[in-house]
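A.B. asks: What follows is a predicted structure for the sequence shown.
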Amino acid sequence: MSFFTRFFNKEKKEDLDKGLEKTKTSFLGKLSKAIAGKSTVDEEVLDELENVLITSDVGLDTTVKIIERIEERVARDKYLNTEELNFILRDEIVRLLGENNSEDLEDYTLPAAQKPCVIMVVGVNGVGKTTTIGKLAHQFKLQGKKVVLGAGDTFRAAAVDQLEIWSKRVGCDFFSKGMNADPAAVAYETVQYAIDNNCDVAIIDTAGRLHTKINLMNELTKIKRSIGKRLEGAPHEVMLVLDATTGQNAIEQARHFTEATELTALALTKLDGTAKGGVAIGISDQFKIPIKYIGVGEGIDKLQVFNKRAFVESLFE
């Protein structure tokens, strides 16, 4: 029984393959050109491979790490032919992704058994944060969970309205104090609402842009502290949403937010719209934060649980 048969139904596999199509076409095309006419993995091939990885948005630091590991295998095995390179590269990337302590989940799993489970979502404007929240709420609703969405992005025009539209589309509860309300107060009262209304999950949106990094740090710290005051141990997840189409800029955003708050998970959106899906490898390696969800299409059901083995297998298939 194959890996995909055990862990992915046909529709999920097709969605993942389609979502990675642009990345796969670009990556494998570059790789094929790099080893064309070569029979063994030599220094020239490794130089070409390094260029392929960097131009595929894997990132310099992660690329160097992968190349060094392949060099060690070449030195150890003395002779490796280029036909084996795909297998070796795939194997090293899977190992690298596994070093961020992520588990290959089969389905959407709440990060804590405590009820309500509180998920705080952060990210800059335009990355698909509100959409990701809506799609995640939809998945938990399908599991029979009672969900409330908290409109903590109170500064951006229409952010509250967009989240309310998603709550109606999903059929879940919605809590808001309107535009320009104190986000920390919204977060606190969303948790209170979840407790009072016996909700299983509270997903809290936050502002996507504040004027300075100091303001961002202060605001996120304040929101997180406010949540913890109402429910000890919460938030149980602090998830950063990143747009895969931005490539290396997504890595810079991850660096920015890891300085502002303690992140526990990442969601990578818009993979279907870019050839820069290699950024998932670099982000996972550099920050050691598990990628938990990936967006592989616009539909409400096109948010997938990230599975490193499935991701890499689809990339090299």
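C.D. replies: That came through, no problem.
A.B. asks: Let me see the ranges of the strands in this protein.
C.D. replies: Applying DSSP state E to the chain gives strands spanning 117-122, 147-150, 173-175, 201-205, 237-243, 265-269, 291-295, 303-305.
A.B. asks: for the first one, packing partners?
C.D. replies: For strand 117-122, the helices and strands in contact under the criterion 3 or more Cβ pairs under 8 Å, 6 or more residues apart in numbering; DSSP states H and E are helix 129-142, helix 183-196, strand 201-205, helix 213-230, strand 237-243. For every residue, glycine as well, the C-beta is placed using N, CA and C.
A.B. asks: same thing but at 7 Å, please
C.D. replies: Packing contacts for strand 117-122, counted by 3 or more Cβ pairs under 7 Å, 6 or more residues apart in numbering; DSSP states H and E, involve strand 201-205, helix 213-230, strand 237-243.
A.B. asks: Would you mind giving the strands of the chain as a markdown table with distance to residue 85, mean pLDDT and mean neighbour count added?
C.D. replies: Shown next, in a markdown table, are those (distance: least, Cβ to Cβ, whole Å; pLDDT from 0 to 100; neighbours: other Cβ atoms under 10 Å):
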| stretch | distance to residue 85 | mean pLDDT | mean neighbour count |
| --- | --- | --- | --- |
| strand 117-122 | 38 | 97 | 26 |
| strand 147-150 | 46 | 98 | 27 |
| strand 173-175 | 51 | 98 | 21 |
| strand 201-205 | 42 | 98 | 30 |
| strand 237-243 | 29 | 96 | 25 |
| strand 265-269 | 26 | 95 | 24 |
| strand 291-295 | 25 | 94 | 24 |
| strand 303-305 | 28 | 94 | 22 |
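A.B. asks: For residue 214, which of these is the nearest?
C.D. replies: Across the strands of the chain, residue 214 has its closest neighbour in strand 117-122 (15.8 Å, Cβ to Cβ).
A.B. asks: Contacts for that closest one next, please.
C.D. replies: The list of residues contacting strand 117-122 from outside it, by Cβ atoms under 7 Å, 6 or more residues apart in numbering, reads 110-111, 129, 133, 191, 200-206, 220, 223-224, 227, 231, 234-241, 257, 261.
A.B. asks: Would you point out which residue is most central in the protein?
C.D. replies: residue 267 (2.3 Å; Cα atoms, centre = their mean).
A.B. asks: and that one, what does it touch?
C.D. replies: When contacts are counted by Cβ under 7 Å, 6+ apart, residue 267 touches 132, 239, 241, 292, 293.
A.B. asks: where does the stretch 1-150 of the chain dip in pLDDT?
C.D. replies: For the stretch 1-150 of the chain, the stretches flagged by pLDDT under 70 are 1-8, 78-79, 101-103.
A.B. asks: Helices of that one, start to end?
C.D. replies: According to DSSP state H, counting those that start in this stretch, the stretch 1-150 of the chain carries its helices in the segments 3-7, 10-19, 21-35, 43-55, 60-77, 85-98, 129-142.
A.B. asks: got TSV for the ones you listed, with mean neighbour count and distance to residue 303 too?
C.D. replies: Output for those, formatted as TSV (neighbours: other Cβ atoms under 10 Å; distance: least, Cβ to Cβ, whole Å):
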stretch	mean neighbour count	distance to residue 303
helix 3-7	13	17
helix 10-19	17	10
helix 21-35	17	17
helix 43-55	17	27
helix 60-77	15	25
helix 85-98	17	19
helix 129-142	22	4
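A.B. asks: now those helices in CSV, with distance to residue 119?
C.D. replies: What follows is the helices of the stretch 1-150 of the chain, written out as CSV (distance: least, Cβ to Cβ, whole Å):
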stretch, distance to residue 119
helix 3-7, 24
helix 10-19, 22
helix 21-35, 27
helix 43-55, 33
helix 60-77, 27
helix 85-98, 22
helix 129-142, 8
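A.B. asks: right, and the ones you listed - which one's nearest residue 177?
C.D. replies: In terms of Cβ to Cβ, the element of these nearest to residue 177 is helix 129-142, at 17.0 Å.
A.B. asks: Give me the residues contacting that closest one.
C.D. replies: Contacts for helix 129-142 (Cβ under 7 Å, 6+ apart): 108, 121, 123, 147, 149, 159, 162-163, 166, 169-172, 201, 203, 205, 208, 241, 267, 269, 293, 295, 300, 303.
A.B. asks: switch to 8 Å and redo it
C.D. replies: With contact meaning Cβ atoms under 8 Å, 6 or more residues apart in numbering, helix 129-142 is reached by 108, 110, 119, 121-123, 147, 149, 153, 159, 162-163, 166-167, 169-172, 200-201, 203, 205, 208, 241, 267, 269, 293, 295, 300-303.
A.B. asks: Alpha carbons only: can I get that helix in CSV?
C.D. replies: Only the C-alpha atoms of helix 129-142 are listed here, as CSV (Å, rounded to 0.1, in the frame of the first residue of the first chain):
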residue,chain,number,x,y,z
LYS,A,129,-5.3,35.5,6.9
THR,A,130,-9.0,36.0,7.0
THR,A,131,-9.6,33.4,4.3
THR,A,132,-7.4,30.9,6.1
ILE,A,133,-9.4,31.5,9.4
GLY,A,134,-12.6,30.9,7.5
LYS,A,135,-11.4,27.7,5.8
LEU,A,136,-10.0,26.4,9.1
ALA,A,137,-13.3,27.1,10.9
HIS,A,138,-15.1,25.2,8.1
GLN,A,139,-12.9,22.1,8.7
PHE,A,140,-13.6,22.1,12.4
LYS,A,141,-17.3,22.6,11.7
LEU,A,142,-17.2,19.5,9.5
